[in-house]
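>>> Kindly return the folded structure for what I paste below:
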Amino acid sequence: NGKFKRYTISPVTDVEASDISALTGTDLSGYVHAIDKNGFNHIEKRHGVNGEQDKSMSNVSDVARIGYVLANYDSVELALKEDGTPDAAVGYMDSNDNPSKKLIYSKKINGTMYVIEAAGDNAYKKLWIVSAYLKNDNKKKGLRETSDITSPRLTSETRDPSRPSTNIISVSYTHLRAHE
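Residues are numbered from 1 along each chain as shown. Predicted coordinates for the structure are as follows:
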């Protein structure tokens, strides 16, 4: 039955469990990261091809990066409301029947990718992914900037742009003078 399909992404590592415990006061050792239909639906509706918020997750390759972000996060933080109190994931209840606290994982990937999880102790021993999105951290807007989601992106196989090129481009002086 696809209606309530659930997928396990990865186990929560000891380091993660320690980080989460420091943030929430709850020991979630032995838990796994998981996503259900609600998580997929939210990502598609808010951040997919016709996203209401943005279209940052319209590329299926970006959705596939969720596991990578969880395994290699740069930071994990407790999600806070505007008033500074912890934000909760309504619909994902903890063992005391309270909405689970939200965690925000982030990883720099062509900007920053964020994965939001409901983190509460529960009988399923699962941290539920409730959302994921990409944010372009480049605040400079250039003339050639594109918002095309299918435009080329840096990958782990892309050559480091900060290193000098080994390509030699030969241009004659007379050619340059002709364009002055």
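>>> quick one: the helices in the chain?
14-24, 37-47, 60-64, 66-71, 173-178 (DSSP state H).
>>> which one of those is the most hemmed in?
Ranked by mean neighbour count, the helices of the chain are led by helix 66-71 with a mean of 19 (mean count of other C-beta atoms under 10 Å). Backbone N, C-alpha and C define where each C-beta goes, glycine included.
>>> Asn59 versus the nearest residue to Ile109 once chain neighbours are set aside, what's the distance?
In this structure, Ile109 finds its nearest non-sequential neighbour in Arg65, 6.5 Å apart by C-beta to C-beta, 6 or more residues apart in numbering. Per C-beta to C-beta, to the nearest Å, Arg65 is found 10 Å from Asn59.
>>> do the same with Ala89
Ala89 is 25 Å from Asn59, by C-beta to C-beta.
>>> got the contact list for His33?
Thr8, Ile9, Ser10, Pro11, Val12, Gly67, Leu70, Glu117, Lys126, Leu127, Ile129 (C-beta atoms under 8 Å, 6 or more residues apart in numbering).
>>> Correct me if wrong: Thr26 contacts Ala118.
No: counting by C-beta atoms under 8 Å, Thr26 stays clear of Ala118, with 12.0 Å between them.
>>> Pick out whichever of these two has more residues nearby.
Counted by other C-beta atoms under 10 Å, Thr26 and Ala118 do not tie: Ala118 has more neighbours, with 27 against 16.
>>> quick one: pLDDT of that one?
You'll see Ala118 listed with a pLDDT of 95.
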